[in-house]
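In: here is a sequence together with a model predicted from it:
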There are 4 protein chains.
Amino acid sequence: MNQHNSISDRKDEHIRISLEEDVSGKNITTGLEKYRFIHQALPELDFKDINLSSDFLGKVVRTPFVISSMTGGTKQAMEINKNLALAAQARGWSMGLGSTRAALESPEHAYTFQVRQYAPDIPLFANLGAVQLNYGFTVDDCRKVIDLIEADALVLHLNSLQEVFQPGGDTNFKGLLKKIESLCSQLNVPVGVKEVGWGIHGAAAKKLSEIGVSFIDTAGSGGTSWSQVEKLRSQDPLKIKAAESFMDWGIPTADCIVSARAHGYKGMLLASGGIKNGVEAAKAIALGANLAGFGRSILKSAVESADSLISLFERIELECKIVMFGIGADSMSKLRNTSYLIKAD
Amino acid sequence: MNQHNSISDRKDEHIRISLEEDVSGKNITTGLEKYRFIHQALPELDFKDINLSSDFLGKVVRTPFVISSMTGGTKQAMEINKNLALAAQARGWSMGLGSTRAALESPEHAYTFQVRQYAPDIPLFANLGAVQLNYGFTVDDCRKVIDLIEADALVLHLNSLQEVFQPGGDTNFKGLLKKIESLCSQLNVPVGVKEVGWGIHGAAAKKLSEIGVSFIDTAGSGGTSWSQVEKLRSQDPLKIKAAESFMDWGIPTADCIVSARAHGYKGMLLASGGIKNGVEAAKAIALGANLAGFGRSILKSAVESADSLISLFERIELECKIVMFGIGADSMSKLRNTSYLIKAD
Amino acid sequence: MNQHNSISDRKDEHIRISLEEDVSGKNITTGLEKYRFIHQALPELDFKDINLSSDFLGKVVRTPFVISSMTGGTKQAMEINKNLALAAQARGWSMGLGSTRAALESPEHAYTFQVRQYAPDIPLFANLGAVQLNYGFTVDDCRKVIDLIEADALVLHLNSLQEVFQPGGDTNFKGLLKKIESLCSQLNVPVGVKEVGWGIHGAAAKKLSEIGVSFIDTAGSGGTSWSQVEKLRSQDPLKIKAAESFMDWGIPTADCIVSARAHGYKGMLLASGGIKNGVEAAKAIALGANLAGFGRSILKSAVESADSLISLFERIELECKIVMFGIGADSMSKLRNTSYLIKAD
Amino acid sequence: MNQHNSISDRKDEHIRISLEEDVSGKNITTGLEKYRFIHQALPELDFKDINLSSDFLGKVVRTPFVISSMTGGTKQAMEINKNLALAAQARGWSMGLGSTRAALESPEHAYTFQVRQYAPDIPLFANLGAVQLNYGFTVDDCRKVIDLIEADALVLHLNSLQEVFQPGGDTNFKGLLKKIESLCSQLNVPVGVKEVGWGIHGAAAKKLSEIGVSFIDTAGSGGTSWSQVEKLRSQDPLKIKAAESFMDWGIPTADCIVSARAHGYKGMLLASGGIKNGVEAAKAIALGANLAGFGRSILKSAVESADSLISLFERIELECKIVMFGIGADSMSKLRNTSYLIKAD
Ligand SMILES: Cc1cc2nc3c(=O)[nH]c(=O)nc-3n(C[C@H](O)[C@H](O)[C@H](O)COP(=O)(O)O)c2cc1C
Ligand SMILES: Cc1cc2nc3c(=O)[nH]c(=O)nc-3n(C[C@H](O)[C@H](O)[C@H](O)COP(=O)(O)O)c2cc1C
Ligand SMILES: Cc1cc2nc3c(=O)[nH]c(=O)nc-3n(C[C@H](O)[C@H](O)[C@H](O)COP(=O)(O)O)c2cc1C
Ligand SMILES: Cc1cc2nc3c(=O)[nH]c(=O)nc-3n(C[C@H](O)[C@H](O)[C@H](O)COP(=O)(O)O)c2cc1C
């Protein structure tokens, strides 16, 4: 019981800190600012023909945008999840829920994740820490959360450093690859793997796809830094000070994307970590991602209302379309395959 | 009638905003600052022998400088155009007029473009949005504006993103290449193509020259940013916010020039976009342009008086001559072919 | 007697200035900030299995960390040395003592270096200026200080520029290589060579190892600048002004490491100079060092108490372990041989 | 008479402006800061054996340092020249006098250049604007100034842009190469050529040496900018504004040196332009110069007293010696041929 409460407290604290404090990394960026589109003055397109529709988890979605896994397990989290779901349904975004561990451990929290009613059509995915597979979570537990959420997929997050900085974190990451492989073969929904803001390197993306993982979400550096979040929560002077030495840790989002494709990762790739607008999202896609994910940059609107989120989503979509107009691409596949993105010198 | 009024209002607003607000792009420059001339201590020249004369539109002009298309259609615009024409005639500059659409749509505005009387000798060109070819403008309309202005050429501007940010903009840019080709073959004056501040890429320059366009004006990034101008005019919160994501959009002027020549564009090339003095103009020419254009940086003087403009033009010419003295080039062709411009490291 | 006093005064002044004034170089850094680890989201490790143990001077030490030679010869120095020794013993660090010349020249100061009682198990080394071999110091003198301290090794420091800036410095550095060679062959403990903050170049490291030197400590630039320290002590206007021209002198610590290995130096390499935390230390090791040394960044804690030092040491160790967790390395040899350190662009 | 007065006024104004106003170029540096020495911890030298002696104009000089041509023609200039001469003699520096044209045109000013009495042993050289060869100056005039000054050499300055910015400047630089060639063959002292702060390119250095010029003084950019000096003197709004566009004009001093040697210039090379201390001078020499010149950075001391200058010279010499100690070079030829200077990345 206590433990469940502590998870809930933690969840609310994460949201409060993410909204109120400066939790971005220092001396590190997404790397997307190093890339520039080459404007095409003659797009040979009608702006209204530009189409953002994409495929994800067997569904056709109206946009290539995804809400990154963020919350659940508390009353406030429920509100946020509901707003996110309503807006996602309204605009055709995909949506990840926060770690569903809370729902498993205390069933009375389950309703905070159950947003399928507000978002019947979109790809929705459950979320669990991969490390929990070393701490008693079974394939059946995974099935339970998938069913509970009516999820199209399960996403496992890799958060090694967060577990270190977090009080009482679960830091045995041994043998996870094998366990993930076995999980993939037993579940009947696709399994994705994400980080939480330090990025997934290309070699790891490749390896994960080889053992049956269906999609990778970079969750790269340049946005939310979890060593910063945990530092602000911490009471432990040692860890507070140590966290400062990790403010620039991680793989920038742009580098994750490039590295995944350079290592021959051919699967579905979500780019996330520090993405703030449709231009950055378009850069991520032009670099090789299939979809782009938004975490903390949409959290404030998510706390406000579904309408606030819908406006924000519209703006992001408009920005992406303007990019596409600017380079003469009217479809996601053209954006993804454009040669009009260059590394600035 | 209403529509004509709205064009006029817009024109005056453009001028006011360009003069009073910060409408330059952010995190983007012309790129000209990356190039440096290699000083030649022994020029082996008499300064007074330095000659700026150039050819443009079949005329010999005393300078390689061009006034970028800016305005027309209102009383204030008439004053500006008259000052520009008087100064251009006095100093031997070429001159573009602002979009002549206003004159076509409401004949009572035509006089605001008719400056040939003040500038009998210089190359003068009419200006229309290329996209209007998709919105009802015909070859005959083009002939009409050319005659009205007694223009030596017609310049079509490509302004895709401006049309997106502008309320009620014309955003169907489909099939323009074909229409421009057909226009070129039917008009009996040369047709030029320019951007409005986001630049024309080399591949596009090449393609346009192949379909009969006689000259290209880069109108590159690093100077006036039209997303900024339209942002300041906009009432639409979505577009205001979206415009901020495009503050660094476009191809820097220097890159446009280099890219045009690198793609094998051999035609007449005007460099413009953010050029502020004769040193920058000389760099543009040494990079491969034939002529250099000035827009917003001369607008303030244009509002003041012809005399103010003449002083400004003299200064620009003097600066260009000093550059030429500094590298030992006494003619435009020597400046254009100099090997004494290098990319700084 | 006088001379001994002056050495003591100087030692206290060094400590005071190092603690109170800004004595870091300007426009120069360790270069370590140019390197980044590539995060490995899947470490496949249990955090608790990460092992920092290392070999040094024939002993197994619990950490790869070394206290740089700093002080001795005064009452305050004794306190500092005692604290350092207690903490080193507690945490398994190695320890260098400050220049033991004072102990030789005035035996009543000897006790200030005798910390073996507080640190029975750790590698401990004596320290002398190599240039003293040109000013009357003999092999027997060296033996005396080694015995006095019960040292595992003798470290000679090369401090050419410090001797120039210091009033009455010993500036004859001729023929030292030969004398060091002879010393190495006659002593029965290993001899190390370090700089004092301007770094040892790879070619010199190689040469020194060829004449019998057992380990090299880079003591590179980016941390304490001795021209700055001596400038603040100086009364001589000429030297004060001249010192300012040397604020950026020296070889950055990272460059020393890379250069040592690039020149084929295969021996034991201590990296030091400006290292402030466990992340920087881990970078130094991943670049090719065996151990990492801390000087001025631990001095403040050393003045406070052994406990303060122990906390600091724990933090540095934790940071190093988190780095290793972050890249999936559980031993020093894996850290040293990692390919997950790259030069950022 | 009037004209002579105006030259005198100009000379005093140059000094006043150089001392009181900011006359350095903007966005341009000497480039010397891009180079770093590689510290050699084991110099194998006795500091006192370091020898700065050099050859110049057939004399052995105690230092490789030269006072750049600065002034003459007024009472204040006489004071400055006397101080410079006394200090140069005291420390073994070489010395250039300011443009000796004033002395030719009004004999009553001749005494202001006659400092041989204060400096019997050092290389001393007369100075004239090369362009004066196009404005009536003859070989006999040159002989006259050489005799008057008892000069070891005549230095011609190339100052094309200064003549443009200066009111009534002499701007016919045609055919100078031929005239310089003829002058070289007729004078019986060596002829040098310098710029005044915009630098001499390697190709020009090579060409000048082929026609008989004995030494080149780079007088590169990064220090005094003559467009800035003339801007501050100017009454002409056109030129004041134009001068601002040339604040970053010229070839950085370091680039002049590298370019001279890269173009195969093998003659005597003086590096000057923006050099402020002995470290920068040593870098210039290590890059390929034989001697290093100081202009405006010593002017303030020159106005004060010979003693003030002597202290300054001592400091510069000390800095150069410390550099040499730091890299293990005990002679000018070793400094010039060192491989321990690298371009920082
Ligand atoms: C308040 C908050 C809570 C989060 N909770 C989770 C979580 O439960 N599971 C997860 O995989 N990631 C979680 N994340 C990480 C995000 O999914 C995302 O990967 C990370 O914040 C980086 O993206 P950003 O820079 O766009 O915020 C959370 C992030 C935030 C800001
Ligand atoms: C007030 C104003 C009005 C403009 N109107 C037109 C126009 O009607 N047609 C056109 O082709 N370009 C127009 N432009 C764009 C300019 O011709 C030019 O391409 C652009 O401003 C970039 O150059 P600059 O940085 O030198 O201002 C206008 C620019 C300004 C500042
Ligand atoms: C107060 C102080 C005293 C020092 N005394 C010595 C010494 O006696 N012998 C020596 O080899 N180095 C001495 N050093 C130099 C250090 O060992 C070290 O090489 C240098 O400070 C650079 O490392 P840091 O940047 O980590 O301080 C001293 C440094 C400090 C700060
Ligand atoms: C006050 C002043 C007067 C100068 N007069 C002359 C001159 O008469 N002849 C000449 O060749 N250079 C003259 N120069 C240029 C210098 O010789 C030198 O080339 C230039 O100042 C760049 O060096 P700096 O940056 O060290 O000052 C003068 C410079 C100064 C500051």
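Out: Right, received. Where do you want to start? Residues are numbered from 1 along each chain as shown, chains lettered A, B, ... in the order given. Ligands and ions are numbered 1, 2, ... in the order given.

In: which residue does the stretch 1-150 of chain A bring closest to chain D?
Out: The stretch 1-150 of chain A approaches chain D most closely through residue A:34 (18.0 Å), counting by C-beta to the nearest C-beta. Placement of C-beta: from N, CA and C, glycine included.

In: is the closest residue to residue A:335 other than its chain neighbours in a helix, a strand, or coil?
Out: Of all residues not flanking residue A:335 in the chain, residue A:329 sits nearest, at 4.6 Å (C-beta to C-beta, 6 or more residues apart in numbering or on different chains). Following DSSP: H, G, I helix; E, B strand; the rest coil, we place residue A:329 in the coil state.

In: the residue in the stretch 101-250 of chain A positioned nearest to ligand 1: neighbour count?
Out: The minimum distance from the stretch 101-250 of chain A to ligand 1, using C-beta to the nearest ligand atom, falls at residue A:223 (2.1 Å). Residue A:223: 26 surrounding residues under other C-beta atoms under 10 Å in any protein chain shown.

In: count the residues that sit near the closest residue to it other than its chain neighbours.
Out: Spatial nearest neighbour of residue A:223, excluding adjacent residues (C-beta to C-beta, 6+ apart): residue A:274 at 2.7 Å. By the measure other C-beta under 10 Å, the count of residues near residue A:274 is 28.

In: show me the contacts for residue A:274.
Out: By C-beta atoms under 8 Å, 6 or more residues apart in numbering or on different chains, the residues touching residue A:274 are A:24, A:29-30, A:32, A:220-224, A:253, A:280, A:297.

In: I'd assumed it was in a helix, is it?
Out: No. Checked against three-state DSSP, residue A:274 lies outside a helix; its state is coil.

In: can you tell me how far it is from chain C?
Out: As for residue A:274, its distance to chain C is 14 Å (criterion: C-beta to the nearest C-beta, to the nearest Å).

In: cool, and residue A:50?
Out: 33 Å.

In: so who does that residue touch?
Out: A:321, A:324-325, A:329-331.

In: can you list those residues in a markdown table and add neighbour count?
Out: Putting the contacts of residue A:50 into a markdown table (neighbours: other C-beta atoms under 10 Å in any protein chain shown) gives the following:
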| residue | neighbour count |
| --- | --- |
| A:321 | 21 |
| A:324 | 27 |
| A:325 | 23 |
| A:329 | 26 |
| A:330 | 21 |
| A:331 | 15 |
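
In: show me the helices in chain A, by range?
Out: Taking DSSP state H, the helices of chain A run over residues A:2-20, A:75-91, A:101-105, A:139-149, A:160-165, A:176-186, A:202-210, A:226-233, A:237-244, A:253-262, A:278-287, A:299-304, A:306-327, A:332-336.

In: ok so, going back, give me phi/psi at the residue of the stretch 101-250 of chain A closest to ligand 1?
Out: Backbone geometry at residue A:223, expressed as degrees, to the nearest 10, gives phi -120, psi -130.

In: quick check: it touching residue A:29?
Out: No. Counting by C-beta atoms under 8 Å, residue A:223 does not reach residue A:29; the two are 9.3 Å apart.

In: in chain A, which residue sits nearest chain C?
Out: residue A:171 (3.6 Å).

In: look up the closest residue to that residue, ignoring the ones flanking it.
Out: residue C:47 (3.6 Å).

In: go on, residue A:233?
Out: residue A:13 (5.8 Å).

In: equivalent analysis for residue A:250, please.
Out: Distances taken as C-beta to C-beta, 6+ apart put residue A:221 closest to residue A:250, at 3.1 Å, once the chain neighbours are dropped.

In: sorry, back to before: what's the per-residue pLDDT of the residue of the stretch 101-250 of chain A closest to ligand 1 here?
Out: Looking at residue A:223, its pLDDT stands at 96.

In: that one and residue A:32, how far apart?
Out: Note on residue A:223: its distance to residue A:32, by C-beta to C-beta, to the nearest Å, is 11 Å.

In: so where's the stretch 1-150 of chain A shaky on pLDDT?
Out: When residues are selected by pLDDT under 70, those of the stretch 1-150 of chain A lie in A:1-5.

In: how about the residues of it near chain C?
Out: Near chain C, the residues belonging to the stretch 1-150 of chain A are residue A:27 when assessed by C-beta under 8 Å from any C-beta of the partner chain.

In: in the stretch 1-150 of chain A, which residue sits nearest ligand 3?
Out: Counting by C-beta to the nearest ligand atom, the stretch 1-150 of chain A gets nearest ligand 3 through residue A:27, at 20.5 Å.

In: which residues sit in contact with the residue lying closest to that residue once chain neighbours are set aside?
Out: Spatial nearest neighbour of residue A:27, chain neighbours left out: residue A:248 (4.1 Å); criterion: C-beta to C-beta, 6+ apart. Going by C-beta under 8 Å, 6+ apart, residue A:248 touches A:25-28, C:36.

In: ok so, going back, let me have the contacts of residue A:50 in TSV, extended by distance to residue B:156 and pLDDT.
Out: Conversion of the contacts of residue A:50 to TSV gives the following (distance: C-beta to C-beta, whole Å; pLDDT from 0 to 100):
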residue	distance to residue B:156	pLDDT
A:321	24	98
A:324	23	98
A:325	18	98
A:329	23	98
A:330	22	98
A:331	27	98
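
In: so which bits of the stretch 1-150 of chain A are right by ligand 1?
Out: On the criterion C-beta under 6 Å from any ligand atom, ligand 1 has as its neighbours in the stretch 1-150 of chain A the residues A:14-15, A:18, A:68-71, A:98-99, A:127.

In: among these, which two are most distant?
Out: A:18 and A:127 (16.2 Å; C-beta to C-beta).

In: quick one, what contacts the nearest residue to residue A:287 once chain neighbours are set aside?
Out: Leaving aside its sequence neighbours, residue A:287 sits nearest to residue A:257 (C-beta to C-beta, 6+ apart; 4.5 Å). By C-beta under 8 Å, 6+ apart, the contact set of residue A:257 is A:218, A:220, A:269, A:271, A:284, A:287-289.

In: no further questions, thank you.
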